[in-house]
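Undergrad: no letters, just coordinates:
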């Protein structure tokens with residue numbers, strides 16, 4: 001999964017309730033939140049203050065949320081959601097926060113399999129990828145899995161509206177055997193930070209997100225290789241596996257897909273600094 005923590009987006013705010021708007025109509029409330037956040041080193045203090053105001057029911061609750069953010073809690077954990085691919089994804093404390101650049105993986109999946117019927121979100125975290133795919137496709141059979149029980153509980157909430165099913169377990173071991181050979185889109189947002197670089201991550205990620213969602217082993221590709229090796233047994237003919245990686249790791253990731261017998265291509269988005277390896281099972 002992605003390593004740098006995403007910054008907040010002003011567009012992700014929603015309308016606050018009338019009572020909060022009335023209570024926060026004075027700029028002094030917002031200014032107070034901005035001051036607290038700025039003192040804590042929040043680069044986007046103004047934007048974050050606005051998001052907190054829209055999420056809080058009272059000025060008192062907003063102040064408490066700002067204090068939690070100032071103490072280092074990720075903004076998404078403070079407000080309880082993250083915007084992802086046009087959706088509001090519930091994010092609970094201790095669960096990996098979906099990064100905006102992972103929207104590129106979703107777009108690549110939709111382009112590769114626009115008529116997909118069976119979708120699996122592996123290493124699902126909050127279930128953001130699966131929810132986004134299901135929202136863009138019609139009548140899909142959606143499954144999500146993660147090794148972290150807290151993530152699975154969160155994902156279950158986010159995919160319930162799409163009729164999705166969430167499972168706890170180690171990669172493919174968590175999935176029902178009946179899915180073998182039937183999966184049209186296998187999206188695996190695997191951890192890909194090399195073990196030695198985990199201490200270099202922002203404190204928000206290191207201290208508040210599970211290590212299993214960040215640490216990809218010695219070169220960061222341990223989980224990716226496991227997924228690529230077994231994916232052909234689960235993909236339908238023409239089905240595709242999509243995994244996010246870094247620019248530096250991309251050549252080795254492509255090699256792992258090739259070794260698994262997949263027809264592979266590398267997709268890039270320079271603006272998002274996103275790199276997605278796409279592998280298809282040959283018909």
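TA: The structure has been received and is ready for your questions. Note that the coordinates shown come from a computational prediction; the quantities given were computed from them, not determined experimentally.

Undergrad: quick one, what contacts residue 276?
TA: By Cβ atoms under 8 Å, 6 or more residues apart in numbering, the residues touching residue 276 are 104, 105, 108, 242, 243, 244, 245, 266, 267, 268. C-beta: built from backbone N, CA, C; applies to glycine.

Undergrad: in which helix or strand does it reside?
TA: strand 274-280 (DSSP states H and E).

Undergrad: so which of the contacts of residue 276 are in strands?
TA: Counting by DSSP state E, those place 242, 243, 244, 245, 266, 267, 268 in strands.

Undergrad: buried subset of the contacts of residue 276?
TA: 104, 105, 108, 242, 243, 244, 245, 267 (16 or more other Cβ atoms under 10 Å).

Undergrad: so where do the strands sit in the stretch 51-200 of the chain?
TA: Taking DSSP state E, counting those that start in this stretch as the criterion, the stretch 51-200 of the chain contains strands spanning 81-84, 87-90, 118-122, 141-146, 165-168, 183-188.

Undergrad: tally up the residues packed near residue 258, please.
TA: Residue 258 sits with 13 neighbouring residues when counted by other Cβ atoms under 10 Å.

Undergrad: state the distance from it to residue 180.
TA: Distance, residue 258 to residue 180, using Cβ to Cβ, to the nearest Å: 22 Å.

Undergrad: repeat for residue 210
TA: Residue 210 is 28 Å from residue 180, by Cβ to Cβ.

Undergrad: so for these two, which residue has more residues nearby?
TA: Taking neighbours as other Cβ under 10 Å, residue 210 and residue 180 compare with residue 210 leading, 18 against 14.

Undergrad: my read: the more buried one touches residue 97, true?
TA: No - checked against Cβ atoms under 8 Å, the pair residue 210 and residue 97 is beyond contact range at 11.0 Å.

Undergrad: please tabulate the contacts of residue 276 in TSV, including the columns distance to residue 36.
TA: TSV is the format used below for these (distance: Cβ to Cβ, whole Å):
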residue	distance to residue 36
104	34
105	35
108	39
242	40
243	39
244	34
245	37
266	43
267	41
268	39
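
Undergrad: dump those to CSV, plus distance to residue 76 and pLDDT.
TA: Shown next, in CSV, are the contacts of residue 276 (distance: Cβ to Cβ, whole Å; pLDDT from 0 to 100):
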residue, distance to residue 76, pLDDT
104, 19, 97
105, 18, 98
108, 23, 98
242, 23, 98
243, 23, 97
244, 18, 96
245, 23, 95
266, 29, 97
267, 26, 97
268, 26, 96
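
Undergrad: which of those residues sits closest to residue 229?
TA: Nearest to residue 229 among the contacts of residue 276, counting by Cβ to Cβ, is residue 243 at 12.2 Å.

Undergrad: pipe the strands of the stretch 51-200 of the chain into TSV and attach mean neighbour count and mean pLDDT per row.
TA: Listed next are the strands of the stretch 51-200 of the chain as TSV, based on neighbours: other Cβ atoms under 10 Å; pLDDT from 0 to 100:
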stretch	mean neighbour count	mean pLDDT
strand 81-84	23	93
strand 87-90	19	95
strand 118-122	26	98
strand 141-146	25	98
strand 165-168	18	98
strand 183-188	27	98
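
Undergrad: residue 118 versus residue 179, what's the distance?
TA: From residue 179 to residue 118 the distance is 7 Å (Cβ to Cβ).

Undergrad: with that, I have no additional questions.
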